[in-house]
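*Asks:* quick one, fold the following:
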Amino acid sequence: MKAINLLPHDLRGTPKGTAPKAAVTPDEPGGIGAFVVLGALAACVVALAAYVLTTNTVKDRQAQLEAVTARAEATNARINQLKPYADFKALAETRIQTVKDLASSRFDWEQALRDISRAIPADVTLTSLNGTISSESGGGSTIRGAIAAPAVELKGCTRDQKAVATLLSRLRNVDGVSRVSLGKSLKPDASAVPTATPVTGGAGATCSGDRPPSFELVMFFERSDVPQNVEDVTVTGPAAGTAQPGTAGEQTGTTPPASAALCAFYFLALGPKREEIAKLDAEVAAKSAEVEQARVTLGSYEQAKASYKSNYATLARLGKAVPADDDVRSLLVQLESAAERSGVDFAKIELGTGTNGAPSATDATAASGELAPAPGTIPVAGGALSAMPFNFTFTGSYLDLSTFFARLEHFVSLNNKRLDATGRLLRLESVLITPATTGFPEMQAQIAAATYLVPPVQGVPGAAPSTPQAAGTTQATPSTTTASANTGAAQ
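*Replies:* Predicted structure coming up:
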């Protein structure tokens, strides 16, 4: 076998007797040019990939914006279709609140008269009872105008001055009375002792005692929250509106350059794309917020459409309390029926005057195609409704008149904030009770009151109400606008 030396040449031992070989010089590297080229190619690939990804992101955001915009347009179109139902619901809520405000602005005359009758001692004879809501409503006493609050003026006689003091004390304990002011208490001359016809409380036609004094006093109900006039009544309702969505701020970002080429590429290619993405993100966010707000509005409008029939029926019922026209015929029937059930004679009805003493008239001119306001109406509460004052005269006993006043108030009543309307809403501004010509126990009550009229209500075109048309509502003819003409029937 032949021996083979496996060691490298530089490790092999030099054979004896041979000359040494020259050392082998290692090869020098060929340079970094190839690596530069590879790095540039990699950078180009990364830049191209970044540009493609950014462009795709822009297209994705544009697609999202188009989709959100389409949803917003569809939702707004539906909102426009249902807006008449929302407007009708808002009007119904406003009308209900108006009637509630008017009903709560009345003074409880029935309760006041009954409390006064219980407080009057047996030895007191009344010749006149004059109750007024406002100090501007008139009154025989100068004391009445000193306090702007509901008050009752009493005139009569009793046996002596001590009995007058007792009367003042008892009247002060009447529920709601804050002050009892004595106008005068005058004994007649010894040579002439007058007699008085009683209104309530006394047994007999004259005051007993030696020279019985005649008195005049005023009971003030300052704790009553009854407004002095209808102008002080709140007749506003809930306001409806759609919140406008805000716009989001733009987001921008910068990347520190690695080289002049990368910096130029970023600012010329990627930078504008990133700014466009930030702008599209802001627009998508704003549109999304708008869509969410529109969905909330649409939900409320859908509910308004679902409740349209009940709202229309409610307005129809309220037409009994506050009609769109004077409708004196129904007022006469209601007053006569209440008077008969109370044992009271309905003697007189007369168109009255305003609270300022001016004739009840309106200078409003009817618009083209519309009827003029009813004669005698007075615009109040900023034109939100009209008052129609009347003067009534009724004859009956004191307690029968008190029962009659209760029936008048129960035409429109509030029970735990629930509004019940079975007749015309009447606000009694003043009540004057004096002896009737037929003699005791018959009394004559002269009443100054006001009824109220509201503008007619138009139903949603194309939506059939569930109840017959009432005085306060009118069904509108189809509108010329496409949005309202395509609302469809109520659910």
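*Asks:* run through the stretch 251-400 of the chain and note the low-pLDDT ranges.
*Replies:* 251-271, 353-370 (pLDDT under 70).
*Asks:* can you rerun that using 50?
*Replies:* Scanning the stretch 251-400 of the chain for pLDDT under 50 picks out the ranges 251-258, 355-365.
*Asks:* quick one, strands of the protein?
*Replies:* 125-132, 151-157, 179-186, 214-220, 345-351, 378-380, 385-396, 412-415, 418-421, 427-435, 443-453, 457-458, 473-474 (DSSP state E).
*Asks:* avg pLDDT for the last one?
*Replies:* In other words, strand 473-474. For strand 473-474, mean pLDDT rounds to 45.
*Asks:* do the same with the first one
*Replies:* On average, the pLDDT along strand 125-132 is 92.
*Asks:* remind me what that strand packs against, helices and strands.
*Replies:* Packed against strand 125-132 by the contact rule (3 or more CB pairs under 8 Å, 6 or more residues apart in numbering; DSSP states H and E) you find helix 109-119, strand 151-157, strand 427-435. For the C-beta atoms, the positions are set from N, CA and C on the backbone; glycine is no exception.
*Asks:* buried residues in the last one?
*Replies:* Residues of strand 427-435 classed as buried under the neighbour-count rule (16 or more other CB atoms under 10 Å) are 427-435.
*Asks:* measure how buried residue 4 is and give me the count.
*Replies:* 5 (other CB atoms under 10 Å).
*Asks:* got it, and residue 375?
*Replies:* 11.
*Asks:* likewise residue 126?
*Replies:* 26.
*Asks:* do residue 48 as well
*Replies:* Residue 48: 12 neighbours (other CB under 10 Å).
*Asks:* next one: the one 3 residues further on
*Replies:* Each residue near residue 51 was counted by other CB under 10 Å, and the total is 14.
*Asks:* go ahead and confirm it touches residue 273.
*Replies:* Yes. Between residue 51 and residue 273 there is a contact at 7.4 Å, judged by CB atoms under 8 Å.
*Asks:* okay, residue 491: pLDDT?
*Replies:* pLDDT, residue 491: 34.
*Asks:* got it, and residue 45?
*Replies:* Reported pLDDT for residue 45: 77.
*Asks:* next, count neighbours for it.
*Replies:* 10.
*Asks:* same question for residue 135.
*Replies:* When counting by other CB under 10 Å, one arrives at 17 neighbours for residue 135.
*Asks:* next: residue 347.
*Replies:* 15.
*Asks:* circling back: put together JSON lines for the helices and strands packed on strand 125-132, with mean pLDDT and distance to residue 126 on each row.
*Replies:* Listed next are these as JSON lines, based on pLDDT from 0 to 100; distance: least, CB to CB, whole Å:
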{"stretch": "helix 109-119", "mean pLDDT": "93", "distance to residue 126": "9"}
{"stretch": "strand 151-157", "mean pLDDT": "94", "distance to residue 126": "4"}
{"stretch": "strand 427-435", "mean pLDDT": "92", "distance to residue 126": "8"}
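*Asks:* go through the ones you listed and name the closest to residue 72.
*Replies:* Set against residue 72 and scored by CB to CB, these come closest in strand 427-435, at 48.7 Å.
*Asks:* what strands flank the closest one, and is each parallel or antiparallel?
*Replies:* Strands that pair with strand 427-435, judged by DSSP bridges, come out as strand 125-132 (antiparallel), strand 443-453 (antiparallel).
*Asks:* please export the C-alpha coordinates of the last one as CSV.
*Replies:* Once non-C-alpha atoms are left out, strand 443-453 reads as follows in CSV (Å, rounded to 0.1, in the frame of the first residue of the first chain):
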residue,chain,number,x,y,z
MET,A,443,-128.4,83.4,45.7
GLN,A,444,-127.3,85.0,42.4
ALA,A,445,-123.8,84.2,41.2
GLN,A,446,-122.3,86.5,38.6
ILE,A,447,-119.2,84.8,37.1
ALA,A,448,-116.5,86.2,34.8
ALA,A,449,-114.8,83.3,33.1
ALA,A,450,-112.8,82.5,30.0
THR,A,451,-112.7,79.6,27.6
TYR,A,452,-109.7,78.8,25.4
LEU,A,453,-109.2,78.1,21.7
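*Asks:* what is the mean pLDDT for that strand?
*Replies:* On average, strand 443-453 scores 93.
*Asks:* give me the angle between that strand and strand 385-396.
*Replies:* Counting by axes from the mean of the first three to the mean of the last three CA atoms, to 10 degrees, strand 443-453 lies at 160 degrees to strand 385-396.
*Asks:* begin at 476 from now on, thanks
*Replies:* Fine by me, first position is 476 from now on; the one you just mentioned is strand 918-928.
*Asks:* tell me how far strand 918-928 is from the chain's mean position?
*Replies:* 29 Å (CA atoms, centre = their mean, to the nearest Å).
*Asks:* buried sites along it?
*Replies:* Quick answer for strand 918-928 (16+ other CB under 10 Å): 918-928.
*Asks:* residues contacting the closest residue to residue 550 other than its chain neighbours?
*Replies:* The spatially closest residue to residue 550, leaving aside those adjacent along the chain, is residue 769, at 4.2 Å (CB to CB, 6 or more residues apart in numbering). Counting by CB atoms under 8 Å, 6 or more residues apart in numbering, residue 769 makes contact with 547, 550-551, 554, 717.
*Asks:* need those in JSON lines with neighbour count, pLDDT and distance to residue 485, can you?
*Replies:* Formatted as JSON lines, these follow (neighbours: other CB atoms under 10 Å; pLDDT from 0 to 100; distance: CB to CB, whole Å):
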{"residue": "547", "neighbour count": "20", "pLDDT": "89", "distance to residue 485": "83"}
{"residue": "550", "neighbour count": "18", "pLDDT": "90", "distance to residue 485": "87"}
{"residue": "551", "neighbour count": "16", "pLDDT": "90", "distance to residue 485": "89"}
{"residue": "554", "neighbour count": "19", "pLDDT": "91", "distance to residue 485": "93"}
{"residue": "717", "neighbour count": "17", "pLDDT": "39", "distance to residue 485": "92"}
